[in-house]
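*Asks:* When you get a sec, could you give me coordinates for this:
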Amino acid sequence: MKNTLYVLLGVMAGFILSGVLIFVSRAPAGNAILLQPAPTETPIAIDVTGAVARPGLYKFPTGARVQDAIDAAGGLLAEADTASLNLAALLEDAQQLDIPYASGSEPQTTDPLFQLPTSVTETPTPDPNIELVNINTATVEELDALPGIGPTTAQNIIDYRDANGPFATIESIMDVPGIGPSTFDEIQFLITVD
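*Replies:* Numbering: from 1, shown residues only. Below is the predicted model:
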């Protein structure tokens, strides 16, 4: 009788072990979960000009507002005319955001070192007694001597030049962070790329 009980317990243990093995080794039900990378949106590019501290090209995520562009450009100048601005307006890719100046406070270049044009078609010419600064070879000290360029901006010019190669035109200096159209207006007749 004891032998029969052991055989019966052995058979039952075999059934249980077989059930566990079948349960463990069966294929999972349903489809496998595939993880996809998070979608990334292409940023929009905005050209901020006018009465801001650092005019230039800035990139923003979709859904950015005019206020975001102003903040990225260093904020409004005291001369800005904000009456016509909608700070909550959405920005669109390739948009030029021109921040207007208050009437009568538009920047003007009145540097006595240059001859002013006598007609619309004539371009100003620099004073022949002034030695031009070659922005492709100038040192920090030479660049720092330019109006509107401090030691930090001078170093930014050299860092940009080292990273991107020589400047092709004098206008390309505006690609350097911290140099906008107003600074360029002050130095354009004092610099060269030759």
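
*Asks:* Which residue, neighbours along the chain excluded, lies closest to Asn136?
*Replies:* In space, and not counting its chain neighbours, Asn136 is closest to Pro166: 4.2 Å by C-beta to C-beta, 6 or more residues apart in numbering. Any C-beta I mention is one placed from the backbone N, CA and C, and that applies to glycine too.

*Asks:* Neighbours of that neighbour, how many?
*Replies:* 11 (other C-beta atoms under 10 Å).

*Asks:* can I assume it is in contact with Ile173?
*Replies:* No - with contacts defined as C-beta atoms under 8 Å, Pro166 does not count as touching Ile173, sitting 11.2 Å away.

*Asks:* any idea how far Ile157 lies from Ile179?
*Replies:* Computed as C-beta to C-beta, to the nearest Å, the Ile157 to Ile179 distance reads 8 Å.

*Asks:* any residues in contact with both of the two?
*Replies:* 149, 173 (C-beta atoms under 8 Å, 6 or more residues apart in numbering).

*Asks:* Look at the two and report which has more neighbours.
*Replies:* Ile157 (25 against 22).

*Asks:* Give me the three-state assignment for that one.
*Replies:* helix (DSSP: H, G, I helix; E, B strand; the rest coil).

*Asks:* and it, how far is that from Val24?
*Replies:* 69 Å.

*Asks:* Let's see the pLDDT reported for the residue nearest to Asn136.
*Replies:* With respect to pLDDT, Pro166 has a value of 92.

*Asks:* centre of the chain versus stretch 85-102, how much separation?
*Replies:* Relative to the centre of its chain, stretch 85-102 is centred 16 Å away, using C-alpha atoms, centre = their mean, to the nearest Å.

*Asks:* Where does the prediction get shaky in this structure?
*Replies:* For the chain, applying pLDDT under 70 flags the ranges 28, 108-130.

*Asks:* and the longest strand for it?
*Replies:* strand 44-50 (DSSP state E).

*Asks:* ok, then the element right after it?
*Replies:* strand 56-60 (DSSP states H and E).

*Asks:* Could you figure out how far that next one is turned away from strand 44-50?
*Replies:* 140 degrees (axes from the mean of the first three to the mean of the last three C-alpha atoms, to 10 degrees).

*Asks:* on that earlier part again, the residue nearest to Asn136 looks like it's in a strand, true?
*Replies:* No - secondary structure of Pro166 (three-state DSSP): coil, not part of a strand.

*Asks:* How is this structure partitioned into domains?
*Replies:* Domain assignment of the chain by automatic domain parsing yields the ranges 44-99, 114-192.

*Asks:* Rebuild those as CSV, extending it with distance to Pro107.
*Replies:* Shown next, in CSV, are these (distance: least, C-beta to C-beta, whole Å):
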stretch, distance to Pro107
domain 44-99, 8
domain 114-192, 5
